[in-house]
Each structure stands twice: as structure tokens, then as C-alpha cells.
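Visitor: Based on what follows, work out the 3D shape:
(chains A, B and C)
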Amino acid sequence: MSSWGFLIERAATKEINLPPLLSRLPASDRDSEMREESDPYGADHTSELRIAGRVVLNVWRLMRSEVAFYSYTFENMMFHVLHERVPKFDHAALTRWWRHRTSLYRWRVVDYYLARAHGNLALLDQLDLVGRTAELARLFGIQFFEVISRGSQFRVESIMLRLAKRKNYVAVSPSVQQRAQMKAPEYIPLVMEPESRMYTDPVVVLDFQSLYPSIMMAYNYCFSTCLGRVANMGDTKPYPFGCTELKVSPQRIAKLEDQVTFSPGGMAFLRPHLRRGILPQMLKEILDTRVMVKKSMKLHKEDKTLQRVLHSRQLGLKLIANVTYGYTSANFSGRMPCMEVADSVVSKGRETLERTIKMIDSNKKWGARVVYGDTDSVFVLFAGKTKAQAFDIGEEIVAAVNDANPKPVKLKFEKVYLPCILQTKKRYVGSMYETREQTEPVYEAKGIETVRRDGCPAVAKMLEKCLRILFETKDVSKVKQFTQRQFRKVLAGNASVQDLTFAREFRGVSGYKPGAMVPALELTRRLTRADRRAVPRTGERVPYVIVYGEPGRPLIQSVKSPAEVLADPGMRPNAQYYITKVIVPPLNRCFSLVGADVMAWFLELPKVSRPRLTGVGPRPSTSKGSGVILQYFASHHCAACDALSTQPLCDACRSRPQSTVLNLGSKIRAWERACSDLGKICRACAGFDASYQYQQDACKSMDCPVVYRRRRAELDAEQVESVQAILDNLML
DNA sequence: TCTCCCTCCTAA
DNA sequence: TAAGTTAGGAGGGAGA
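Guide: Have a look, this model is predicted:
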């Protein structure tokens, strides 16, 4: 939007087709182009820009698949990846400087853009993106850009087909119709419904290492070894198999009698001595290589560069092993799916897990009980046992289970939770010990709001803090104390707007069903009316805040961008909404399990806490909507004590002028000091000297907490004038 | 108030 | 033109 995209659009208005000129084939305008926003492919995937003979990297899109953040703006990435604060100036300021007579100002613009160009390269460098992509390309035997632009099916095929070719196998290429006619899967992985409560006894987590790949290896499951359904055995005619058909004569089947195994789903597979499957062989090679790579990592501990290369290599190998199963079950987009193989893997995995659970539960000696399990893991409760005992018996269980399963299926001791909360399927949190020697536990959460990015940061922070307090002190009253303090902060309007900002991925203007109520879409529609280039890129995370609105109106009308909220003093985050709808429910989902009611804690708070008054005295409203909002929600407050009042000062404060004068004076000083201090920090960060005084040129970064606080402080300072007037009257 | 549908994000 | 899978919880809106 602000680099090549802008230049190309700009050139187009001058009737210059820029992309070919950037390419290695300037004469051909066919292979270099910018994809349209409406283009279903490309826009949401790699780069919207295609330049012949060059690899175009879209840095933020790469970052998006690389790390999980609330926002992927340049400034936010620079801070979280490189721990560097960089300013963001708006086009107006940059234009003003560029047109300025003195070169000092013009240089500022050049510096600004140079810093961005360098920053992009520094980000790529820091994450070693080019190095790792090249390593994956080597590993899978595909091209550099294909690592980015193509999916995992391509990678699996690249490796699998090389093996298959040696054995003279040819892969089938089913048509779309054939794929659609394939049988539906019949098995699903086992996900237990946990007993939803807090566990104060040790809970041991055991999981199977690479369960699906090891099952394929252990039982020789592969396209090339599958004979299809037992029910079809003996058919003289071809019977359905995968996307196509299979024909094995009854005579051959009879001969094979002892040479086949059956999956729980009723599929027959050849034993490995008769024919070794391609997939098992491929997986074995991959996992053996991974073990080798890990060994050599241990050998070359000092060589940092080599470590990095080896690490990404072993990660790539793990990745490819895990998606091999996905390749066989890709019934929507698959290029060669085979439900018979995929279903067998799932059914065998399920059977393995069920067998494990039965084994643990039925062994009285262990005194253990499985309380939860998901696909390849079991959570084992040791009621009344110590942590040390849990480690001992856990190891014993692992050994016993491994004895009962063929190689390379392997159960592994993962960790002990003490204590933990199991909320629902796929949602739990606990204090984790990974080794016997560990004395300080590590907080770990899965699936709950502390690890999700669809709430606002305030929820994640509060929930995590509350859980830590609970785990550390086992004292719910301490949690209550903390929670109520935070509620008061939100009610008083003292919470950071940044912490109350949601961010959701934008799917494109045409990416939603008609009538879908989506904040990101609603916001985009409104903002693009002012600037049609303001449409977010597909996949970009769009931030928004919920402000006070008219009662009874749908929530969607209270969706505002953080910039709008900061620019308009009439808008305040909707404290009621945030507390009762956003913060309390996730907290309650945890704390109702220990008998607490967070909503009751909130209702206990005195009702006087109200949204802070934004305008003192008569004050022109800066936007059309704010008048309405003020009318409904911001009743007038006393400038000195914040109590409700129709006058600028309440009767109580007017009756004791001396203390009120002091109070107002110190308020003004505090606002001005905050404004000036925060301004200093921002100017230093943006590379201005101390004398620089133009406020309108200030940094506009929406990802910087200092900028947020500064802009709030500026709004407070705007009140100085009216408060000063009240003060003057009082003195008179 | 309940149900259904859509959207979003995470676990495995 | 490309696209690994399913399970699962949760919130919001519309309509019964």
C-alpha cells in the first residue's frame, strides 16, 4: 500500500506500466503485474505483485505466518521482533516537511523512508527468513519461492514422488468429480469431555510422539499396501478405492491370507515383508534424518549459524512428517486423497489411545485415572499423590504402554500439572513441571483467552494474572481484590485504550456472506468513504474499540477505530460492555470452577463509578455522533471532584473554594506535566530535538503505548482552558 | 429465551 | 492460477 503498490498505482495514472520495467524482462508485460484486489488467489496468499525474474517478498504477509501478534503494522513488528520503537507520521506531516524550504525538514522525510526500507530488511534478517526458506527448499527439493507460494501437498509430493519413481509407481490424478465421489471418512479422533474443575492433585500429561506418522510406519499403512475394505475382498469386479477403483482377484486374496493386517476400520493392508509401503518408508527416512540432524546439533553446540540451519532443517522434517497424513485425507482440495488409508490411520490412532486409557484406568496398582485426552494425549490424575510419585508412576505407565505398542509408536512423558484447571475440550491451564528437579513451575495455558487473539489484551492480561494469583496463593480473595481493582480502573476510564482494542483478520470486502455483521468490515466500509485506499489488505488485522452508544442499538454501531476514539473526546470505551461481556465471562469460566462468581464481584462495586466527563463546561463537540453519545451517557461531572453535577462545580466544592482552587490548580499542573513528559518521550523516539514543538507532526503509531497515553493526555490538556476559566471565576 | 447461522481462532 | 485435516468453543445477530 505504501511502497511498490503505491508507486505502481501512481505510475498507472501517468500511463506507465511499471511492473515490467522492474522486471528482468522489461519487454514483456505479460509476466509482471499487480494482482487485482478482487483476485481470489494471490491477494490473500503470497504477494499481490508478480515481477518476472524476481522473487517478490511481501514482508508483513511472511510475518503473519511466522509469528502470532495482535497487529502486523511495521511499527509493531519492529518493536516485537527487533525491540526498537519507530515513529509513524501521517502523509500530511511528511508532505509538509517535504515542501519545506530548509533541507533539514526534507531530510527528515528521506530518513523516515530509509528507516522503513532498512527496517524491512532487518526484520527478514532477524528471523532469518531467507536462510530458512532456502533450507526448506533444499530439504524438500523445491524452488525457493515455491516454499512460500505453494502448500504442503506440493512438499509431500516432491518427496513422495521421488521415492515412488524408483519403484516404478505412478500417482493417480483424480478428477474433481472422482474426488467428490470418494467415500466420506467414518472415523474421528478421540476427544474426551474433561471433568470440568480445578485439580489440586498432580495431573500427568503423556502424549504419543508423532502418533500418525508412527502408526503409518508401525502398521505399514500406505496407498501402495492397502487392499481396500474387507467387505470387498473376494469381489471379482473392481471395487471403489480412494478416488478410483481397485481389483484384486479372489484367488490372490486367498493366497494372501496370512500376509495381511486389518485396521480397526476394516481395511486390509499388506504386511511389510511382502511389500514395504512408500509412505512408511518415506516417513522412516524423514524421521531418521531428523534424529541425525538433532544429533549433529548436539555435536556442534558452539556454531550458532550451523545450529540455526540444523534447527530449521529438523523443524522442516517434523513438519513434513506431520502433514503426510493430511495429504491422504485431503478430501476437499486433495490431489490424491485416499479415505481408506486416512481412515485407517485415524481409527488405529483412536484405538491406540483408547487402549492406553483402559490400561491406565484398569491398573489398580497405579492408582491413576485418565481425566482428559485429545487425539494423542492423556491427562492422568493421581489423586492424593505427591509430585514425585506422579513422576515415578508416570514413567512406569509410559514404559508399560510402550511395551504394548509396536515400534515406533511411542508414548512420552510430557509434564506434570500442579495444580491445573480443565475447562472444556481443548481448553485448559495449569502450573507446569517438566522435570523432577524443577522447583518453580511454569504457567501454561491452552485454548483459553490468555492465548487467544480474538479478545482484547485486557482480557488476556487480567485472566493470566488472576490465574497466576490463584495458582501461587490458592487464595480466591486475593483474586477478588485484584479483579475489583481492575474493574474500577476500567469504569473510571483509566484503562489504556490499547488494552481495550480488539483486532480481527479482515477477509476482504467480498470475503463475507451478505448480511454478515463483522466489525472489521463495518469499519472498513465507513473509513473507505473518506479514503478509498484505506481498505485493509486481505488477512490484515483490523483494530477496533467498542464505545458507548445509544441504548438498544446493535453493538455493531458502537464499533470505532482506535484513531477515531483517540481523536474524539466524546467517545469513551464502553466500560459496562467490556466488563460484563468481555472480561467477566472468561474469568467466570475459570473461577466458577472454584466456586467464585466474578459477576457478583463486579456488582458489589459502588454504583457511583461512572465514565469520566470528557467536556467540562460548554465545549464544541468535534464530531457529529459525539453529541448524541454525550447526551446519553456523559452526565455532567464536577470539574474538581467528578461528582454528578449540572454545574461546572458541584455545590459541595463551591462551598469550600480554597481547597477547590488547590485541587483544580494541581489538576491542571498534572495534566500539563503528563502532556509535556509524554511529549518529550515521543519526540526523543521520533528523532526530534527537544525544541521541536509542532504537535500536529507527532508520531501516529497505533501500536505504541506511549503514543496512546500521550494522545489521551493531550485531550485532558485541552480541558485546561475551561478549567482555568472556572478557576479564575472562583478566585475572583 | 431459544435456536440457528456466521465468524473467528485455537488444539491436535 | 492454489488450496493438509477435523474438532471445538464462543460471541453476535436474526427470527421463531
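Visitor: Residue in the stretch 201-350 of chain A with the shortest distance to DNA strand C?
Guide: Per CB to the nearest atom of the strand, A:Gly326 is where the stretch 201-350 of chain A lies closest to DNA strand C, at 2.5 Å. C-beta: built from backbone N, CA, C; applies to glycine.
Visitor: Now do that residue against DNA strand B, distance only.
Guide: Separation of A:Gly326 from DNA strand B (CB to the nearest atom of the strand, to the nearest Å): 8 Å.
Visitor: Show me what the helix or strand encompassing that residue is in contact with.
Guide: Assigning secondary structure by DSSP states H and E places A:Gly326 in helix A:304-328. Where contact means CB atoms under 8 Å, 6 or more residues apart in numbering, the residues beyond helix A:304-328 that reach it are A:128, A:131-132, A:135-136, A:139-140, A:152-153, A:155-157, A:159-160, A:210, A:212-213, A:216, A:223, A:279, A:282-283, A:286-287, A:289-290, A:293-294, A:296-297, A:300-301, A:334, A:336-338, A:341-342, A:345.
Visitor: Could you list the buried residues of it?
Guide: A:309-317, A:319-321, A:323-328 (16 or more other CB atoms under 10 Å).
Visitor: Over to stretch A:464-478?
Guide: A:Glu464, A:Cys466, A:Leu467, A:Arg468, A:Ile469, A:Leu470, A:Phe471.
Visitor: Quick check: phi and psi at A:Val55.
Guide: Main-chain dihedrals, A:Val55, degrees, to the nearest 10: phi -100, psi 120.
Visitor: tell me the contacts of it?
Guide: Listed by CB under 8 Å, 6+ apart, the contact set of A:Val55 reads A:Phe144, A:Phe145.
Visitor: pLDDT score for it?
Guide: Among the per-residue scores, A:Val55 shows a pLDDT of 89.
Visitor: And A:Met216, by the same measure?
Guide: If you check A:Met216, the pLDDT there is 93.
Visitor: Contact partners for it?
Guide: Per CB under 8 Å, 6+ apart, neighbours of A:Met216: A:Cys222, A:Gly277, A:Leu279, A:Pro280, A:Leu283, A:Thr324, A:Tyr325, A:Val345.
Visitor: any chance of these in a markdown table, plus secondary structure and pLDDT?
Guide: Shown next, in a markdown table, are those (DSSP: H, G, I helix; E, B strand; the rest coil; pLDDT from 0 to 100):
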| residue | secondary structure | pLDDT |
| --- | --- | --- |
| A:Cys222 | coil | 92 |
| A:Gly277 | coil | 91 |
| A:Leu279 | helix | 92 |
| A:Pro280 | helix | 93 |
| A:Leu283 | helix | 92 |
| A:Thr324 | helix | 90 |
| A:Tyr325 | helix | 89 |
| A:Val345 | helix | 92 |
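Visitor: burial measure for the residue in the stretch 1-150 of chain A that DNA strand C sits nearest to, as a count.
Guide: Of all residues in the stretch 1-150 of chain A, A:Arg150 sits closest to DNA strand C, at 3.4 Å by CB to the nearest atom of the strand. Neighbours of A:Arg150 under the rule other CB atoms under 10 Å: 17.
Visitor: That one is in contact with A:Ile142, isn't it?
Guide: Yes: between A:Arg150 and A:Ile142 there is a contact under CB atoms under 8 Å: 7.1 Å.
Visitor: dump the residue contacts of A:Asp716.
Guide: By CB under 8 Å, 6+ apart, the contact set of A:Asp716 is A:Trp671, A:Ala674, A:Cys675.
Visitor: quick one: which of those is most hemmed in?
Guide: A:Cys675 leads the contacts of A:Asp716 on contacts (other CB under 10 Å) with 22 neighbours.
Visitor: Can you name every helix or strand that whichever strand or helix holds that one contacts?
Guide: Using DSSP H and E, A:Cys675 maps to helix A:657-685. In terms of contacts (3 or more CB pairs under 8 Å, 6 or more residues apart in numbering; DSSP states H and E), helix A:657-685 is packed against helix A:651-655, helix A:705-718, helix A:720-731.
Visitor: returning to that earlier point: list the contacts of the residue of the stretch 1-150 of chain A closest to DNA strand C.
Guide: By CB under 8 Å, 6+ apart, the neighbours of A:Arg150 are A:Ile142.
Visitor: Tell me the confidence at it?
Guide: So, for A:Arg150, pLDDT stands at 84.
Visitor: Strands of the stretch 151-300 of chain A, residue ranges please.
Guide: With DSSP state E, counting those that start in this stretch as the criterion, the stretch 151-300 of chain A has strands at A:197-199, A:203-208, A:226-229, A:239-241, A:244-246, A:260-262, A:267-270.
Visitor: Which one of these lies nearest to DNA strand B?
Guide: Closest among those, using CB to the nearest atom of the strand: strand A:203-208, at 6.9 Å.
Visitor: Now tell me what touches the closest one from outside.
Guide: A:214, A:352-353, A:368, A:371, A:376-382, A:390-391, A:393-394, A:397-398, A:401, A:409-418, A:420, A:430.
Visitor: okay, that strand in CSV with CA atoms only?
Guide: This file holds the C-alpha atoms of strand A:203-208, laid out as CSV (Å, rounded to 0.1, in the frame of the first residue of the first chain):
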residue,chain,number,x,y,z
VAL,A,203,-2.1,-34.3,36.7
VAL,A,204,0.4,-36.0,34.4
VAL,A,205,0.3,-35.3,30.7
LEU,A,206,1.5,-38.1,28.4
ASP,A,207,1.4,-37.9,24.7
PHE,A,208,2.4,-40.0,21.7
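Visitor: Tell me the strands beside that strand, with direction?
Guide: strand A:377-381 (antiparallel), strand A:411-424 (antiparallel) (DSSP bridges).
Visitor: excluding its backbone neighbours, what's nearest A:Tyr708?
Guide: A:Gln498 (4.8 Å; CB to CB, 6 or more residues apart in numbering).
Visitor: Tell me how many other residues surround that neighbour.
Guide: Residues near A:Gln498, counting by other CB under 10 Å, number 21.
Visitor: check contacts around it.
Guide: Per CB under 8 Å, 6+ apart, neighbours of A:Gln498: A:Pro457, A:Pro562, A:Asp703, A:Pro705, A:Tyr708.
Visitor: same check, this time on A:Arg275
Guide: Here A:Arg275 is in contact with A:Ser224, A:Thr225 (CB under 8 Å, 6+ apart).
Visitor: now it: how far from A:Tyr325?
Guide: Using CB to CB, to the nearest Å, A:Arg275 is found at 20 Å from A:Tyr325.
Visitor: With A:Lys425 instead?
Guide: 21 Å.
Visitor: Count the residues that sit near the closest residue to DNA strand B within the stretch 51-200 of chain A.
Guide: Using CB to the nearest atom of the strand, A:Ala68 is the residue of the stretch 51-200 of chain A that sits closest to DNA strand B, at 5.6 Å. Each residue near A:Ala68 was counted by other CB under 10 Å, and the total is 9.
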